[in-house]
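1. sequence first, predicted model second:
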Amino acid sequence: MLRRLKPLLFLFCLVPAGLLLWNAYIVVRGTEGLTDLGADPIRALEIRTGLWTLRFLAITLAVTPVRQITGLGALAKYRRMFGLFTFFYACLHVSTWIGIDWFFDVKAMIEEVVKHKYIFAGMATFLLLVPLAITSTNGWVRRLGGTRWAKLHRLIYLAAITGTVHYLWAVKKDTLFPLAYLATFLGLLGYRAVQLLRHRRARARGDRRPGTERTRRAVAH
Amino acid sequence: MIIKRPSDLPPSEITPEREYLGRRTFLRRAAAVATAAVAVPRVLAACARHQDAAGGGGEVESAGEVAPQQDTPNSYEEITSYNNYYEFGTDKEDPKANSGRFRPRPWSVRVEGLCKKPGDYGLEDLLKPHAIEDRVYRLRCVEAWSMVIPWQGIPLAAMLARFEPQPSAKFVAFTTVLRPSEMPGQRRATLPWPYIEGLRMDEAMHPLTLMATGLYGKRLPNQNGAPLRLIVPWKYGFKGIKSIVRIAFVDRQPATTWNIAGPDEYGFYANVNPDVDHPRWTQSSERRIGEFRRRRTLMFNGYADQVQSMYAGMDLRANY
């Protein structure tokens, strides 16, 4: 593949954030008329940054299945980038909530987290992503060792579920899109579950072919 | 905040439009308000004075919210491009985008039930005997956003009096038109169609309750519930049923669509109440469209003085 692909892909991943920030700037500038963010730009920012978080989460989780099905091993080197963009959009989402929606009203926000389950689920999702972002570097992979790193990073499955549940509990009535995301994540997780079962059965059968152990670990994360 | 005739206010009390626009926070839009020309400054002056005089509910400024001091009407663009009208789709932009094919005329309303003058009334026949009034009201959505809207319409009490409801009529029930050919959202069972709503008789006859026919001096746009839209400003916006084709006087509390769709989330009374949260989100504060900081939500949406007597002794948590 082209050596320039990764930087190019990086820029593409920034485009949604760029557009949102540009629109937010126009809103702040206060020129006449509504922007693409509509009459409630704060809510629009929250919703869109949240959706991009879920989309990048899905993209990140799709790397391994797509790689295995198509045989395109090169995809592996983009997985960390997509994972970090997931965290990037999650940060934008949480920052909008804390700094713009609630304007740093800590007392009110703590009440929100404690009293309202969709906020609790959202905050839990963000907190799950933090250690994953911190330990995303090669240095940390070495420090933890491959197996422990892989176990830690299985938290991403939990984050996908809590993130989708956060979305589902936040919508008033139209659960179509949240359920579509849920179906997507269940599919991506289901794929891994199936792969895991197949390899466990293969090992139980006494199948000691070289590469099996490596394949199992690769599939598990 | 009832404004019957702009000429009630002496010219000396008119606040120059420029001053009011200057107070807006950075998100406010001016364009549409300018078109409302003469009426708006007088109305704004009266709103501001009423708001300050009433003390706005005695709110205290806290870290996250600003005590509201005035209610500037939202722009025509905001009011007509940000709507919950699931008959046209569930996104806020959908009603404006998808209601182009809807025909609000010719229109007739079936009046039935416990009254002396039931029948099918054409729209012009319904409106002709009454003077259209200007009413600037806050509208508070159950989703915790709000706007200030300069409606035109007829007091519901006046409209209903014509049908001579009988003493046995304890409630009024309303129904929205069912027209999936012109309302694409009705082809999906997002809500059980047609949309139905209802009010207790005293709520329906209350001076604040309005049957809106226009806003900003223009006919009601399709996305705002043309040609007839109920406005009950002290209740959550979903009580304001749109595109009404049926009015029925009944003796039992009528079923209402959002209560059917979410019985523990949406009640019959749906009075704006900062002390009773929605099960999933807070109702103690709201986003006034166009403003940056959240506002503290007011009991009965700031109309407590005028409506709370109807609910004296009622458990408003149980009767959400």
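-> The structure has been received and is ready for your questions.
2. for the rest of this, base every contact and every neighbour count on C-alpha atoms.
-> Noted.
3. at the geometric centre of the chain, which residue sits there?
-> Answering for chain A, as no chain was given. Centroid check for chain A by C-alpha atoms, centre = their mean gives A:Leu57 as the closest residue, at 2.6 Å.
4. wrong one, I was asking about chain B
-> In chain B, the centroid-proximal residue (C-alpha atoms, centre = their mean) is B:Ile231; its distance is 3.3 Å.
5. that residue pairs with what?
-> Beta bridges link B:Ile231 to B:Leu210, judged by DSSP bridges.
6. roughly how far does the residue in chain A that chain B sits nearest to sit from A:Trp97?
-> In chain A, the residue found nearest to chain B is A:Asp105; the distance is 4.8 Å by C-alpha to the nearest C-alpha. For A:Asp105, the distance to A:Trp97 (C-alpha to C-alpha, to the nearest Å) stands at 10 Å.
7. neighbour count winner among these two?
-> Neighbour comparison, A:Asp105 and A:Trp97: the larger count goes to A:Trp97, with 18 against 15 (by other C-alpha atoms under 10 Å in any protein chain shown).
8. isn't B:Ser284 up against B:Met299?
-> No: B:Ser284 is beyond contact range of B:Met299, at 9.3 Å (criterion: C-alpha atoms under 8 Å).
9. shared neighbours of these two, anything?
-> Both B:Ser284 and B:Met299 are in contact with B:Asn273, B:Pro274, where contact means C-alpha atoms under 8 Å, 6 or more residues apart in numbering or on different chains.
10. next to chain B, which bits of chain A? Give me the list.
-> Taking C-alpha under 8 Å from any C-alpha of the partner chain as the measure of proximity, chain A contacts chain B at A:27-34, A:38-40, A:100-105, A:108, A:112, A:116-118, A:169-170, A:172-174.
11. which intervals of chain A have sub-threshold pLDDT?
-> Chain A contains residues with pLDDT under 70 at A:1-2, A:32, A:207-221.
12. okay, helices next: where are they in it?
-> Ranges of helices in chain A, per DSSP state H, are A:5-29, A:41-70, A:79-95, A:106-115, A:117-134, A:138-144, A:146-152, A:155-170, A:176-204, A:212-220.
13. which residues touch the residue nearest to the centre of chain B?
-> B:Thr209, B:Leu210, B:Met211, B:Ala212, B:Gly237, B:Lys239, B:Gly240, B:Ile241.
14. B:Tyr197: which element?
-> Wrong residue type there; residue B:197 is Glu, not Tyr. Element membership of B:Glu197, judged by DSSP states H and E, is strand B:196-200.
15. off-centre distance for that strand?
-> From the chain centre to the centre of strand B:196-200 is a distance of 13 Å (C-alpha atoms, centre = their mean, to the nearest Å).
16. do stretch B:113-120 as well
-> With C-alpha atoms, centre = their mean, you get 25 Å for stretch B:113-120.
17. buried sites along it?
-> Using 16 or more other C-alpha atoms under 10 Å in any protein chain shown as the test for burial, stretch B:113-120 gives B:Gly113, B:Leu114, B:Cys115, B:Pro118.
18. dump those residues to a markdown table, plus distance to chain A.
-> Formatted as a markdown table, the buried residues of stretch B:113-120 follow (distance: C-alpha to the nearest C-alpha, whole Å):
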| residue | distance to chain A |
| --- | --- |
| B:Gly113 | 32 |
| B:Leu114 | 34 |
| B:Cys115 | 36 |
| B:Pro118 | 35 |
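19. ok, now how distant is B:Glu78 from B:Arg294?
-> B:Glu78 sits 18 Å away from B:Arg294, going by C-alpha to C-alpha.
20. no wait, A:Leu84
-> To B:Arg294, A:Leu84 is 32 Å away according to C-alpha to C-alpha.
21. these two: who's more crowded?
-> Between A:Leu84 and B:Arg294, B:Arg294 has the larger neighbour count (other C-alpha under 10 Å), namely 22 against 19.
22. next one: phi and psi at that one?
-> As for B:Arg294, its main-chain torsions (degrees, to the nearest 10) stand at phi -70, psi 160.
23. look at B:Glu286 and give its secondary structure.
-> strand (DSSP: H, G, I helix; E, B strand; the rest coil).
24. identify the residues contacting it.
-> Contact analysis of B:Glu286 by C-alpha under 8 Å, 6+ apart lists B:Ala144, B:Trp145, B:Ser146, B:Arg294, B:Arg295, B:Arg296, B:Thr297.
25. of those residues, which is the nearest to chain A?
-> For the contacts of B:Glu286, the minimum distance to chain A (C-alpha to the nearest C-alpha) is 7.2 Å, reached by B:Arg294.
26. surely that closest one is in contact with B:Ser146?
-> No: counting by C-alpha under 8 Å, B:Arg294 does not reach B:Ser146; the two are 10.4 Å apart.
27. shared neighbours of those two, anything?
-> Contact with both B:Arg294 and B:Ser146 is made by residues B:Glu286, B:Arg287, B:Arg288, according to C-alpha under 8 Å, 6+ apart.
28. could those residues go into a markdown table alongside distance to B:Asn84 and pLDDT?
-> As requested, the shared contacts of B:Arg294 and B:Ser146 are exported to a markdown table (distance: C-alpha to C-alpha, whole Å; pLDDT from 0 to 100):
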| residue | distance to B:Asn84 | pLDDT |
| --- | --- | --- |
| B:Glu286 | 16 | 97 |
| B:Arg287 | 15 | 97 |
| B:Arg288 | 16 | 97 |
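29. from the residues you listed, which single one is nearest A:Glu46?
-> B:Arg287 (13.3 Å; C-alpha to C-alpha).
30. mind listing what the closest residue to that closest one other than its chain neighbours touches?
-> Distance criterion C-alpha to C-alpha, 6 or more residues apart in numbering or on different chains; nearest residue to B:Arg287, sequence neighbours excluded, is B:Trp145 at 4.4 Å. Shown in contact with B:Trp145 (C-alpha under 8 Å, 6+ apart): B:Glu286, B:Arg287, B:Arg288, B:Ile289.
31. could you rerun that using 10 Å?
-> A:40, A:43, B:139, B:237, B:283, B:285-289, B:294-295, B:297 (C-alpha atoms under 10 Å, 6 or more residues apart in numbering or on different chains).
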